[in-house]
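>>> pasting the structure only:
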């Protein structure tokens, strides 16, 4: 995993300096931006870290930037800062997935606590996304017939039942099943079910009737 970077966006240069000082004193890498537009121009959606974001800014405000990032599929955790306690605004921010909503002037301890929560959330999400990408790469190596056998296997069917459903012989299903296990790099049915579920593979007994015909 790459080293996370704390991204701070605020139109007040004094606030940016204060944020950078606190975060760097905790040994964190920091990048600051004076406006949401500057941030969007330079932001790498693949970057690890979290965003400390002012709410009220000219032009694109913090909530609108949050919405723009969500629309792009960004999983970057956001900590909002506001100069005044605005309950409806904080509710909207939290519903949008914000990690925390802090009031200025923010205490160093509160900021660092929120940042560590956000970084851990980002680490878990990135790890989960990396695992899913790897599973999808394995799925892509399966032939159409192997993919079909997979859906039957994770539903708990025996080889004989699968062979009957697919109009073939049990020996052939055994071969396909072994190849599925090898290509998916698993050693047990439980492990195959777990990663199939993570990838959104629907077992035969869970699929709509039309999909089973």
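Sure thing, it's come through. Keep in mind the model is a prediction, meaning the values are calculated, not measured.
>>> C-alpha from now on. contacts and neighbour counts both.
Fine.
>>> How about the secondary structure of residue 141?
At residue 141 the chain is in coil, as set by DSSP: H, G, I helix; E, B strand; the rest coil.
>>> Give me the pLDDT value at it.
The pLDDT attached to residue 141 in the predicted structure is 95.
>>> residue contacts, it?
By CA atoms under 8 Å, 6 or more residues apart in numbering, the residues touching residue 141 are residue 183.
>>> what about it, distance to residue 149?
Summarising the geometry, the distance separating residue 141 from residue 149, computed by CA to CA, to the nearest Å, is 14 Å.
>>> Next: residue 82.
Taking CA to CA, one finds residue 82 at 54 Å from residue 149.
>>> out of these two, which sits in the more crowded spot?
Comparing residue 82 with residue 149 by neighbour count (other CA atoms under 10 Å), the higher total belongs to residue 149, at 22 against 19.
>>> Give me the residue ranges of this structure where confidence is low.
Low-confidence segments of the chain, defined by pLDDT under 70, are located at 1-2, 85-87, 203-213.
>>> From residue 46, how far out is the residue most central in space within the chain?
With the centre of the chain defined as its mean C-alpha position, the nearest residue by CA atoms, centre = their mean is residue 125, 4.1 Å away. The span separating residue 125 from residue 46 equals 12 Å under the rule CA to CA.
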